[in-house]
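>>> Got a sequence here, can you build the structure:
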Amino acid sequence: MPAGVTLTVFNAEAVNIQDVEANLFLINSHGCSIEGVRGRVYLLNTPIERAANLTGSLYQCYHSYGGVSSAGERARRSTEFRSALENIAGDIEIDVGRVRVEATGLSGDIRIRNRYGARVGIEEFAAGSRFQITSTSGEVHIALAKDLLDELALTALTICGI
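Next up is the predicted model:
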């Protein structure tokens, strides 16, 4: 694929994109993995299983509340999606519901809003980076490298307790 093109994918299953310089739009797709992309990535109504080694920007909006399903006499909540974000540099905006977000190696202006919690690991902190992590009802886990404890200011705000 020529560098700098825009690729748009609609309603796909098992999307795997690697090592391209392009802008990507994935819309209403599932089973997605993206690695080594240089450019802007937009995930609209699309969960991402894994996004790694991206440079540019990443935007995701995915709200799957799923309701319940029943099998026999039992009612169950729908499956929660897992999203792994690894080594991404640039502007990152994630707005999801019912997704288990696990992120490490992020740098840039990072905003993660997950209605059911998030897990973020910070081993290094690039100058100019900023993290804003919000959860409406789930836990937020932040793992900081020990040598960063004296360098970073961490503020937590809670409405309903610790």
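
>>> So what sits opposite I48 in the bridge?
On the basis of DSSP bridges, I48 is bridged to C32.

>>> which ones are touching V41?
23-24, 26, 34, 51, 54, 56-59 (Cβ atoms under 8 Å, 6 or more residues apart in numbering). The way it works is simple: take the backbone N, C-alpha and C, and place the C-beta from them, glycine included.

>>> Now name the helix or strand holding it.
Using DSSP states H and E, V41 sits within strand 32-44.

>>> May I have that strand as PDB, with CA atoms only?
Listed in PDB are the C-alpha atoms of strand 32-44, where the atom choice follows Å, rounded to 0.1, in the frame of the first residue of the first chain:
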ATOM      1  CA  CYS A  32      -9.300  -6.300  15.100                       C
ATOM      2  CA  SER A  33      -5.500  -6.200  15.600                       C
ATOM      3  CA  ILE A  34      -3.300  -3.300  14.500                       C
ATOM      4  CA  GLU A  35       0.400  -3.100  14.800                       C
ATOM      5  CA  GLY A  36       3.200  -0.900  13.400                       C
ATOM      6  CA  VAL A  37       0.900   1.800  11.900                       C
ATOM      7  CA  ARG A  38       2.200   5.300  11.300                       C
ATOM      8  CA  GLY A  39      -0.700   7.700  10.900                       C
ATOM      9  CA  ARG A  40      -4.200   8.300  12.300                       C
ATOM     10  CA  VAL A  41      -6.300   5.400  13.500                       C
ATOM     11  CA  TYR A  42     -10.100   5.800  14.000                       C
ATOM     12  CA  LEU A  43     -12.100   2.900  15.500                       C
ATOM     13  CA  LEU A  44     -15.800   3.700  15.300                       C
END
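
>>> where's that strand relative to the chain centroid, distance-wise?
11 Å (Cα atoms, centre = their mean, to the nearest Å).

>>> Now tell me which helix or strand of this protein has the poorest mean pLDDT.
Among the helices and strands of the chain, strand 68-71 carries the lowest confidence by mean pLDDT, DSSP states H and E, at a mean of 58.

>>> Tell me the buried residues in the strand holding V41?
32, 34-35, 37-43 (16 or more other Cβ atoms under 10 Å).

>>> Let's have the residues you listed in JSON lines, adding distance to K146.
Below are the buried residues of strand 32-44 laid out as JSON lines (distance: Cβ to Cβ, whole Å):
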{"residue": "C32", "distance to K146": "34"}
{"residue": "I34", "distance to K146": "31"}
{"residue": "E35", "distance to K146": "29"}
{"residue": "V37", "distance to K146": "32"}
{"residue": "R38", "distance to K146": "32"}
{"residue": "G39", "distance to K146": "35"}
{"residue": "R40", "distance to K146": "34"}
{"residue": "V41", "distance to K146": "32"}
{"residue": "Y42", "distance to K146": "36"}
{"residue": "L43", "distance to K146": "33"}
